[in-house]
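> Need a 3D model of the following:
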Amino acid sequence: MPSDLRIFDRASSPPTVAPAGGDKPARAGLNRISRPIAQREHADHAAIERLRTAVRRIEGGRMVAHDAPALALGVEAIDTHLPWGGLASGWLHEVVASDAGMASAFCALVCARLADDDGGTVLWCEGAQVLDAGMLHAPGLMRFGLDPARLIYARTGRDAETLWAMEEGLRTASIAVVVGAVLDASLTQTRRLQLAAEEHGVTALMLRPAGVGTTPSAAVTRWRIGPVPAAASRDGDGAPNAFTAGLAPLRWRMELFRCRGGIPGTWDVEWRDETRDLALVAPLCDRPAAPTQFGATG
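Numbers count the residues shown, from 1 in each chain. Now for the predicted structure:
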């Protein structure tokens, strides 16, 4: 028979040790067996938090807490839908161009507002024939509030040069926002941009051609921007009114198909030149009139 017998009682926390001679149970080794549970749990919690922080850094930034203010897009339905109350500044956002002109106009609008708030310069990098939309048009940029005098335009030859220029721009103190038109970008490359944007508090916009929305990306939000055909005004006989058909406002379909910490959504908006702002398209006023039957019923 062994010299002592360990007795484990489920009802009592520490195990007791009964000597073979019938003496009272001794509490030998109590400190070794019952180490403080609270201390162990605190250490485990700290380790888990460190791992979570590391994962967030790898995935591209803080998921919920964000120090930089959000940029309001001016449409309440969109701003309240986003987790930050607007477009989170100091992060990487991806814009897939269903229409190159509309996507570029959206980027110009965002750049203009960020540059006005920050007082900095806009760096716009374009590779050769990425969007097949030609070079930037100064009057078109001014229409959306972006002064060409505050723009640095970098014409690159390939995607690697564009990504390098974007990353260097994100690390420059005088730059308020960086835009880059990129055909191909790996998950690792977008993570580098996201980390650089977060580290220096500069917003990055990556313009991508249509058809790349399913490729992995570290961008915090991913948008698809295209036009919404305006309903042509019609005469009394239902025929299109040729005089007013071309006077409809510029309309975009904004699809948020990925949002870290949020849910997707789609909105039809129109650009109002008189206020230089976006507004939701009113579906009722643009709905075709239902045919009306006149005549006596018998």
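> Return the residues in contact with M135.
Applying C-beta atoms under 8 Å, 6 or more residues apart in numbering to M135 gives the contacts 126, 153. C-beta here means a position set from N, CA and C on the backbone, and glycine is covered the same way.
> With the one 4 residues further on instead?
Residues counted as contacts of P139 (C-beta under 8 Å, 6+ apart): none.
> i'd like the first residue to be 27 from this point on
Sounds good: first residue 27 from here, last item P165.
> In three-state terms, label it for me.
Using DSSP: H, G, I helix; E, B strand; the rest coil, the secondary structure recorded for P165 is helix.
> Distance of it relative to D173?
Computed as C-beta to C-beta, to the nearest Å, the P165 to D173 distance reads 12 Å.
> R250 now?
R250 sits 28 Å away from D173, going by C-beta to C-beta.
> now P290
Separation of P290 from D173 (C-beta to C-beta): 33 Å.
> Helix or strand: which one has V122?
strand 118-123 (DSSP states H and E).
> Next SSE downstream of that strand?
Following strand 118-123 toward the C-terminus (DSSP H and E): helix 126-144.
> Show me what that next one is packed up against.
Using 3 or more C-beta pairs under 8 Å, 6 or more residues apart in numbering; DSSP states H and E as the contact test, the elements touching helix 126-144 are strand 96-97, strand 118-123, strand 147-152, helix 164-169, strand 201-207, strand 229-235, strand 247-253, strand 276-285.
> Would you mind pulling the contact partners of stretch 192-204?
Contacts of stretch 192-204 (C-beta under 8 Å, 6+ apart): 136-137, 140-141, 143-149, 151, 206, 218-219, 222-223, 226, 228-232.
> do that again at 6 Å, thanks
Contact with stretch 192-204 is made by 137, 140-141, 144, 146-149, 151, 206, 222-223, 226, 228-230, as judged by C-beta atoms under 6 Å, 6 or more residues apart in numbering.
> Single out whichever of those has the smallest pLDDT.
Note: of these, the lowest pLDDT belongs to D144, at 78.
> That residue: neighbour count?
D144 has 17 neighbours, counted by other C-beta atoms under 10 Å.
> what sits against it?
D144 neighbours (C-beta under 6 Å, 6+ apart): A202.
> Using the three-state scheme, assign W293.
Following three-state DSSP, W293 is assigned to strand.
> Kindly report the same for the one 3 residues further on.
For E296, the secondary-structure state derived from three-state DSSP is strand.
> ok, how many other residues are close to it?
E296: 18 surrounding residues under other C-beta under 10 Å.
> coming back round to it: who's more crowded, R250 and D173?
Legend: neighbour count by other C-beta under 10 Å for R250 and D173, higher for R250 (21 against 13).
> got the contact list for the more buried one?
For R250, the contacting residues are 122, 124, 281, 283, by C-beta under 6 Å, 6+ apart.
> tally of neighbours for the last one?
In terms of burial, F283 registers 15 neighbours under the definition other C-beta under 10 Å.
> hang on, it packs against P290?
Yes - with contact defined as C-beta atoms under 6 Å, F283 counts as touching P290 (5.3 Å).
> remind me which residues of the protein are low pLDDT?
Applying pLDDT under 70 to the chain flags residues 27-71, 75-76, 78-94, 158-160, 239-240, 255-274, 309-324.
> number of nearby residues for the residue nearest to L149 when sequence neighbours are not counted?
Spatial nearest neighbour of L149, excluding adjacent residues (C-beta to C-beta, 6 or more residues apart in numbering): G195 at 4.0 Å. Each residue near G195 was counted by other C-beta under 10 Å, and the total is 27.
> so which strand or helix has G195?
Assigned by DSSP H and E, G195 falls within helix 185-196.
> need the contact list for P235.
Each residue near P235 by C-beta under 6 Å, 6+ apart is listed here: 123, 157.
> who does it bridge with?
Counting by DSSP bridges, P235 forms beta bridges with A123.
> What's the separation between it and G153?
From P235 across to G153, the span is 11 Å (C-beta to C-beta).
> Same check on L172?
L172 sits 20 Å away from G153 when distances are taken as C-beta to C-beta.
> now swap in G291 and tell me
Applying C-beta to C-beta to G291 and G153 gives a distance of 30 Å.
> One more: W278?
Between W278 and G153 the computed distance is 24 Å (C-beta to C-beta).
> ditto for G288
G288 is 30 Å from G153, by C-beta to C-beta.
> I am finished for the moment; much appreciated.
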